[in-house]
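Peer 1: Fold the following, please.
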Amino acid sequence: MSTRPQRATAPVRVPAGASADGAGVVVGTGPVAVDVYVDFLCPFCRSFERMSGPTLNRMVRERAISLVCHPMGFLDRLSTSRYSSRASAASGCASDGGKFVEYAHALFTNQPPEGGAGLSDDELIELGGSVGLTGPAFGEGARDGAYLDWSAYVTRKAVERGVSAVPTVFVEGTPVPADPQMIVTAVTAAAR
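Peer 2: Numbers count the residues shown, from 1 in each chain. Here you go, the predicted structure:
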C-alpha cells in the first residue's frame, strides 16, 4: 500500500483569470512571472500585502510583471470554520466579477484573528459589496462555496511545489524573500 500523497487533480471549475494550470489568479500581462502564495488568515501575509502590495500593483500597472496570486486554504486548522478555504473560495468568485485584487486587499484589511471562526459568509459577501461586487453571482457563489474545490486544489499544488509557509514568492520560478525591494531586484534581473 502506497503512502505517497495524492497528486492534485484539477477542479471542474476555476475562476475567471485563472493561470494555465488553474492554481492561481493572473493579474497583469508583463513578461516576468511573479507567483505569490498567501493565506487570507495569515498575519504575515497581511503585513506582506501592506508592504509589498503597492509595489506589486505598480509593476502590474507598468506591465513589468504577470502576478499570479495563489490564495491558499493553508491555515484552516487555525479557525473553527475553515475560514482560509472559504476566503480563498470567495476570492475566486471575486475574480469572476473582475475584482480579485480589490477583494484580496479587503480581506487582508478586515482580517480576523487566528483561532476564531473568521468572517461569516454574510460578512465575506458584504466585503464583496464594499469593492463593487453587488450582483447576485458573487453572493451566491460565496455562500454556496462554488470554489472550495478550487481552493483545495490551489493549496495542494502549492504543497507539491514545496511551499511550506506563507507568504512565499517566486520570480520566474526562483524563490525570493517576501520583501518588496528583493522582489523588485529579482524582477529587474529577470527582465534583462
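Peer 1: Quick check on residue 34: phi, psi?
Peer 2: The main-chain torsion angles of residue 34 are listed as degrees, to the nearest 10 and equal phi -120, psi 120.
Peer 1: Can you spell out which residues form a bridge with it?
Peer 2: residue 67, residue 171 (DSSP bridges).
Peer 1: Was I right to think it contacts residue 187?
Peer 2: Yes. Taking C-beta atoms under 8 Å as the definition, residue 34 is a contact partner of residue 187 at 6.7 Å. C-beta: built from backbone N, CA, C; applies to glycine.
Peer 1: anything in contact with each of these two?
Peer 2: Common contact partners of residue 34 and residue 187 (C-beta atoms under 8 Å, 6 or more residues apart in numbering): 59, 65, 171.
Peer 1: between those, which has the most around it?
Peer 2: With neighbours defined as other C-beta atoms under 10 Å, the most crowded of the shared contacts of residue 34 and residue 187 is residue 65; it has 26 neighbours.
Peer 1: what's near enough to touch that one?
Peer 2: The neighbourhood of residue 65, defined by C-beta under 8 Å, 6+ apart, consists of 28, 30, 31, 32, 33, 34, 56, 59, 187.
Peer 1: ok, the first one touching residue 66?
Peer 2: Yes. In this structure, residue 28 is within contact of residue 66 by C-beta under 8 Å, at 5.0 Å.
Peer 1: So what's the residue count around residue 54?
Peer 2: Around residue 54 there are 11 residues (other C-beta under 10 Å).
Peer 1: what's it in contact with, if anything?
Peer 2: Residues touching residue 54, when contacts are defined by C-beta under 8 Å, 6+ apart, comprise residue 180.
Peer 1: Averaged pLDDT, the helix or strand containing it. What do you get?
Peer 2: Residue 54 is part of helix 43-61, with elements assigned from DSSP states H and E. Over the span of helix 43-61, the pLDDT mean works out to 97.
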